[in-house]
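Peer 1: predicted structure and sequence below. I'll ask about it afterward.
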Amino acid sequence: MSNAKVFAMLFSKIYPLYLTKVEKKGRSQEELDQVICWLTGYDQAGLQAAATSDVTMEEFFAKAPAMNPNAALITGVICGYRVEDIEDPLMQKIRYLDKLVDELAKGKKLNSILRSTAG
């Protein structure tokens with residue numbers, strides 16, 4: 001799938017897929033929202049507005065209040081690519097989010113997912 005197609009996907013169509021994925025593995029919407037807010041800087045109201053509107057993935061990240069500086073600590077493979085090696089900044093942000101959702105669904109502890117430096 002081309003980057004342009006991914007960038008044009010509606011966040012309101014992707015969010016329910018993320019939610020289904022984590023809930024199937026026993027995680028909650030609150031945990032998913034916490035992970036997304038940590039990465040993007042959205043507050044709960046902003047996240048819910050995006051999840052119920054027609055913003056594209058590109059717009060979702062463009063309007064993100066503040067990408068977490070610890071996002072650079074997210075490493076690993078998603079969709080066959082190492083997230084730390086993705087050159088397109090927007091695609092990297094999207095894959096960071098995919099990676100965090102995967103980690104949540106796989107049962108990782110929130111402190112680990114949120115790259116907590118407090119241990």
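Peer 2: Yep, that arrived.
Peer 1: local confidence estimate at the spatially most central residue of the chain?
Peer 2: Closest to where the C-alpha atoms of the chain average out (CA atoms, centre = their mean) is residue 97, at 2.2 Å. For residue 97, the pLDDT comes out at 97.
Peer 1: isn't it right up against residue 36?
Peer 2: Yes. Residue 97 is in contact with residue 36 according to CB atoms under 8 Å; the separation is 6.8 Å. Backbone N, C-alpha and C define where each C-beta goes, glycine included.
Peer 1: hang on, residue 43 packs against residue 36?
Peer 2: No. Judged on CB under 8 Å, residue 43 makes no contact with residue 36 at a distance of 10.8 Å.
Peer 1: same drill for those two, tell me which one is more crowded.
Peer 2: Set residue 43 next to residue 36 and count neighbours by other CB atoms under 10 Å: residue 36 wins out with 24 against 12.
Peer 1: give me the spatial nearest neighbour of the more buried one, chain neighbours excluded.
Peer 2: Excluding the flanking residues, the one nearest residue 36 by CB to CB, 6 or more residues apart in numbering is residue 47, at 5.9 Å.
Peer 1: so where does that neighbour fall, helix or strand?
Peer 2: For residue 47, the host element (DSSP states H and E) is helix 44-51.
Peer 1: what are the contacting residues of that helix?
Peer 2: 11, 12, 15, 33, 36, 37, 40, 42, 60, 63, 65 (CB atoms under 8 Å, 6 or more residues apart in numbering).
Peer 1: mind listing what's buried along it?
Peer 2: 47, 50, 51 (16 or more other CB atoms under 10 Å).
Peer 1: so after it, what's the next helix or strand?
Peer 2: That would be, after helix 44-51 and using DSSP H and E, helix 57-62.
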